[in-house]
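K.L.:
I'd like to go over a predicted model; first the sequence, then the structure.
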Amino acid sequence: MDTLLITLRVALSLGVVLALMWVLHRASRKRFTGGRTSGRRAASVEVVGRQGIGGKASVVVVDVEGERLVLGVSEHGVSLLTSAQAPAPELTIVTGPVSLPVRPAPSADAFRQELALHADATPGLPSDTAVTAEPLPMRPRNRRQQRTVVPTAAQLQGSILSAETWRQAAAALRNRRAG
């Protein structure tokens, strides 16, 4: 009975802490974003290219909401080298119908021929279509026997897997509660 009450108290306490964290998170979001919680879109940043020019310095080309920026990046900071309008993405305009490649549906004859190529003798097929073929190469099985090792009580002594360790822990908890 005591264990059940302790478990319920821990679960209730955890629920209260999580609810309090959620409320504080919501309040801080409203306070620091001016009440806007949705409808605000983050700027899309796409790294177009990066070129190292020495030790810890590099030049980075990025596109930020339709503007292309060339940035110099070093261990001391980031500096804007130049900016321009980002080039428009290349679009392909389709003016007519497009034919997509279509695989022909396999026929029974094609399947029978393929089966005859890969089988020694196919029952049910006419004898003139049955073709003998080399057997497929097989990977040898692992011939080593798998043996299961069961550790002894002496090997598990003091381990979390030992039953005696669990008995000692339970006795310690019982003694602690009783005292």
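P.N.:
Thanks, I have the structure now. Because the structure is predicted, anything quoted here is derived from the model rather than measured.

K.L.:
contacts for stretch 83-99?
P.N.:
Residues outside stretch 83-99 that contact it (CB atoms under 8 Å, 6 or more residues apart in numbering): 63, 66-70. From N, CA and C alone the C-beta is placed, and that goes for glycine too.

K.L.:
Which positions within that stretch qualify as buried?
P.N.:
residue 86 (16 or more other CB atoms under 10 Å).

K.L.:
where in the protein is pLDDT low?
P.N.:
Where the chain drops to pLDDT under 70, the residues are 33-43, 119-136, 138-146, 179.

K.L.:
again, only this time at 80
P.N.:
1, 30-43, 88-94, 98, 100-151, 153, 177-179 (pLDDT under 80).

K.L.:
Neighbouring strands - and their directions - for the helix or strand hosting residue 79?
P.N.:
Here residue 79 sits within strand 77-85, counting by DSSP states H and E. According to DSSP bridges, strand 77-85 forms sheet pairs with strand 67-74 (antiparallel).

K.L.:
Not counting the partner strand itself, show me its contacts.
P.N.:
Strand 67-74 has contacts (CB under 8 Å, 6+ apart) with 48, 56-63, 78-87.
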